[in-house]
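*Asks:* Okay, predicted coordinates and the sequence, questions at the end:
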Amino acid sequence: MELAALVRKLGHELAEIRERALRNILLKLDHNLISYADLVQEKVLFLNLLEWFNFPVVPMKEEVLNFVSGLIKHPAAAQKMIGIGAVEFFSQLRADVEPNLQAIIDGIVDGLFLLPAEIPSYLSRDYQAQSQSSELFTGYFCQDRSTMPRLEIPLKRTHAKCLKFSTFPWLTLTSTDRHILSSNESSLRSSNQSLIWSTCELLQDVIMQDFPAEIFLQRPKIVQSLLSLLNLAFGGDGRHRLALQAVSCLQQLCIFLRSRLNFHRDPSFFSTEQGTASQNSSISYCQEARGPPRSQNPSPGSSSPRPSVIGRTVQRPRGDGQDWDAASSSGNSTQANANSRISLHSPLDVRHIGLPDTENEDTLELQMKQLSLPQFCVSVLENAIPLLRTGSRRVTMEVLELLVENMYLIGDAISENVWEDESLFGLELRDKLLLVLGLLGETILYHKTNISAEQPEVMMVHHRMAFTSISLFTIRLLQTLLPVEKASKVSQKSLLNALFLLSMDVPFSLEYPSIHEAVAAYLEQMSSENYSIYKKASEAVYSTECTCSFMTEVHKKGEKNFPELLELADQALNSLPYHQHMPLLQECIHMCSNLWKSGQANPLLQTEGQNVLLHLLAHPLLNIKTEAYRCCLEVVKDCLGVHNIAKPVSSVCHGVHFLLHPKVLYEITTFGLQEDKNEVLCLGTVYKLMCGVLRLT
């Protein structure tokens, strides 16, 4: 069947015919019977692919989206898609499909914004080769086609898989709106500090309240100016105050972007009614979506006919040239202007609105320059993190507040697939995130190394608070972006060193136990060597704590809880080589002796006590082993003392029953007397011990 006929059938009214035609085309592509270069020549194809989603029954959604994703990798196809409004179409379609298809649509929209120079070289070679082949051979089943060498590099799908949300639906602006934004952007680039200060205040109090937050991403000059102002945090002459103003503006923008993001995620936001301008534009709100019609004679105190851009009704005019207070301050003219605006926005006339002041800008060029939500989030991280080293407590606190708000946006915009995404956008985003994580690691190390007794107390407190706060943010950012099982993909040395320091920081672990567990989990995946050191250190600390608990419990008066004491003693012996607190050893041996004195002692407790004794008698450190034998000898001497002369021999022997077990005697005779490395003192102690035991038995 001729290709043009198949393409035409993609727009057939019957779903079965459309589906059969699509499967036919995809099958020919898979078997190299046709190429994407052939399909680019079919102008009707692009319209039919978009119209596919406008039919009542929409089968094979994922296959169509993947087909479009592969098709737009060819420059000519991308240009044709843009020309028929594919960007706006897919932006609107995104809200009406399943979450797994939204990522594909985001990749398509990003692909449409690629300039020809950014298209991978292997794709351009593939496109050129296929174009030449279609010129040399006619027909789709030409036998000579089989003699052509096939390309070794297959066509790859490179849509970004790491995006949860990419770009907001495009908003058009009137000339008044554009003038306001341009004026504020110029003021931010002024050399007059007072003008910059007042502009930042105006942005927070008015401009950001009046405009949808995504406007500042779609026309990013103001955002870029605010980011450049952050560099003033290290300057003198009060310029750091301007940086704080910029931080406040960016923080407020992050909050408003989250609000707008939630608004766009609302299923009731989607509408199939499309006018000349975007349905979110300040000039295209119509009353049919806002409840019953207003009175034709509204008072100046009534609510604005232009609803709030973030979904709330506001009583004051918005002040951006779209409300009745922009034309005149008099009551009559205000009322007349309000009536004219209501008439202009009648649901019957929306399609016929004349918009001469919105057609003077190159929308395609502006869309090429807009910032996606992930790009904005990463730019904030890159520019704000260096401010955490200024030495100012206020700067540190306000920057951290900005970063936390930005982190919430990151969780909504970037998925954990960023670490496996091989698309151009994904690779670039991953490189920047790795750079950011490295900067955070360096900042944590900076504050840790500056905590010293030589500094004033106020600076010590600042560095400790900064160290703790930045560490908390870093771990929460990792939890947002990086699953523990993928932590091995991040190998920044500074971040690894910072995690190691955090794992060894006892006050931090006590104050934030859940965060400390996350630190240990990341460290285990990123560096087995450092994790091994951390585990040994943590075991030594725990054993030392058990030593203190054991010594406290064993000296308490009254009846002893031997099961608990034995458990503490077993754990405490692990740290004995570090602190070598010999009273611990002596108390352990006396406890073992007491367990065997009673004829009704628990055999299980006796066995556990015997294990503790054998651990001490076979200890690898000679001084600990010698002290263990000496202590056992003291117990034997005590049983042989003159104060026991009036006691029966059987009752005297009860004190050394713990030494008469075959395992203990085997340890003493086989290793205690035969050890070549024993000192003379140790040999004499073992010999005397054996003589005393034999005498008592």
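*Replies:* Yep, it's here.

*Asks:* Look at residue 579 and say how many residues are nearby.
*Replies:* Counted with other CB atoms under 10 Å, residues neighbouring residue 579 total 13. In this view, the C-beta of every residue, glycine as well, is placed from N, C-alpha and C.

*Asks:* That one is in contact with residue 545, isn't it?
*Replies:* No - with contact defined as CB atoms under 8 Å, residue 579 does not count as touching residue 545 (11.7 Å).

*Asks:* Next up, identify which helix or strand residue 518 is on.
*Replies:* Taking DSSP states H and E as the criterion, residue 518 maps to helix 513-526.

*Asks:* That helix - contacts with which helices or strands?
*Replies:* Applying 3 or more CB pairs under 8 Å, 6 or more residues apart in numbering; DSSP states H and E, one finds that helix 513-526 contacts helix 457-481, helix 493-504, helix 506-511, helix 528-554.

*Asks:* Looking at the ones you listed, spot the one closest to residue 172.
*Replies:* Evaluated with CB to CB, these place helix 457-481 nearest to residue 172, the distance being 33.6 Å.

*Asks:* what comes up buried for the closest one?
*Replies:* By neighbour count on 16 or more other CB atoms under 10 Å, the buried set for helix 457-481 is 462-464, 466-479, 481.

*Asks:* How far does it sit from its chain's centre?
*Replies:* Here helix 457-481 is found 16 Å from its chain centre; the criterion is CA atoms, centre = their mean, to the nearest Å.

*Asks:* what angle do it and helix 513-526 make?
*Replies:* Relative orientation of helix 457-481 versus helix 513-526 (axes from the mean of the first three to the mean of the last three CA atoms, to 10 degrees): 60 degrees.

*Asks:* quick one: helix 457-481 to helix 493-504, angle?
*Replies:* Put simply, helix 457-481 runs at 110 degrees to helix 493-504, going by the same axes, to 10 degrees.

*Asks:* Show me where the chain dips below the pLDDT cut-off.
*Replies:* 1, 114-159, 267-361, 598-601, 640-655, 673-697 (pLDDT under 70).

*Asks:* In which helix or strand does residue 381 reside?
*Replies:* Assigned by DSSP H and E, residue 381 falls within helix 373-384.

*Asks:* next SSE after that helix?
*Replies:* Taking DSSP H and E, what comes next after helix 373-384 is helix 393-413.

*Asks:* What residues sit buried inside the next helix or strand after that next one?
*Replies:* Using DSSP H and E, the helix or strand that directly follows helix 393-413 along the chain is helix 424-449. Buried positions in helix 424-449, judged by neighbour count with 16+ other CB under 10 Å: 424-426, 429-430, 432-434, 436-448.

*Asks:* packing partners for helix 424-449?
*Replies:* Using 3+ CB pairs under 8 Å, 6+ apart, helix 424-449 sits against helix 373-384, helix 457-481, helix 493-504.

*Asks:* With distance to residue 240 as added columns, please give those helices in a markdown table.
*Replies:* Putting those into a markdown table (distance: least, CB to CB, whole Å) gives the following:
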| stretch | distance to residue 240 |
| --- | --- |
| helix 373-384 | 14 |
| helix 457-481 | 15 |
| helix 493-504 | 25 |
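
*Asks:* Show me what residue 414 bridges to in the sheet.
*Replies:* residue 163 (DSSP bridges).

*Asks:* I'd guessed it sits against residue 163; true?
*Replies:* Yes - with contacts counted by CB under 8 Å, residue 414 reaches residue 163, the gap being 6.9 Å.

*Asks:* by contact count, what packs against the helix or strand hosting residue 261?
*Replies:* Per DSSP H and E, residue 261 falls inside helix 239-265. Counting contacts by 3+ CB pairs under 8 Å, 6+ apart, helix 239-265 packs against helix 193-202, helix 208-210, helix 221-229, helix 373-384, helix 393-413.

*Asks:* Any chance you could list what contacts the longest one?
*Replies:* Okay, so that is helix 393-413. Taking contacts as CB atoms under 8 Å, 6 or more residues apart in numbering, the residues outside helix 393-413 that touch it are 163-166, 233, 240, 243-244, 247-248, 250-251, 254-255, 257-258, 261, 372-374, 376-377, 380-381, 384-385, 387-388, 390, 462, 465-466, 469-470, 473, 476-477, 480-481.

*Asks:* before we move on, what about stretch 162-169?
*Replies:* With contact meaning CB under 8 Å, 6+ apart, stretch 162-169 is reached by 88, 91-92, 102-103, 106-107, 109-110, 160, 212, 214, 217-218, 260-261, 264, 278-280, 370, 372-374, 412-415, 417-418, 421, 423, 425-426, 429-430.

*Asks:* Same check on stretch 548-565?
*Replies:* 568, 569, 572, 581, 583, 584, 587, 591, 595, 602, 605.

*Asks:* From those, keep the buried residues only.
*Replies:* The neighbour count (16+ other CB under 10 Å) marks 568, 569, 572, 581, 584, 587, 591, 595, 605 as buried among those.

*Asks:* Which one of those is nearest to residue 54?
*Replies:* In terms of CB to CB, no member of these lies closer to residue 54 than residue 568, at 74.1 Å.

*Asks:* Touching, the closest one and residue 546? I think so.
*Replies:* Yes - counting by CB under 8 Å, residue 568 touches residue 546, with 4.9 Å between them.

*Asks:* tell me the contacts of residue 21?
*Replies:* 6, 7, 9, 10, 12.

*Asks:* 7 Å - rerun?
*Replies:* By CB atoms under 7 Å, 6 or more residues apart in numbering, the contact set of residue 21 is 6, 9, 10.

*Asks:* same thing with residue 106?
*Replies:* 160, 163, 166 are the contacts of residue 106 under CB under 7 Å, 6+ apart.

*Asks:* let's see it at 10 Å
*Replies:* Residue 106 makes contact with 90-91, 94, 159-167, 372, 374, 413, 425, according to CB atoms under 10 Å, 6 or more residues apart in numbering.

*Asks:* tell me the secondary structure for it?
*Replies:* Put simply, residue 106 is helix when judged by DSSP: H, G, I helix; E, B strand; the rest coil.

*Asks:* And it, how close does it get to residue 90?
*Replies:* The gap separating residue 106 from residue 90 is 9 Å, by CB to CB, to the nearest Å.

*Asks:* before we move on, what about residue 365?
*Replies:* Relative to residue 90, residue 365 is positioned 19 Å away (CB to CB).
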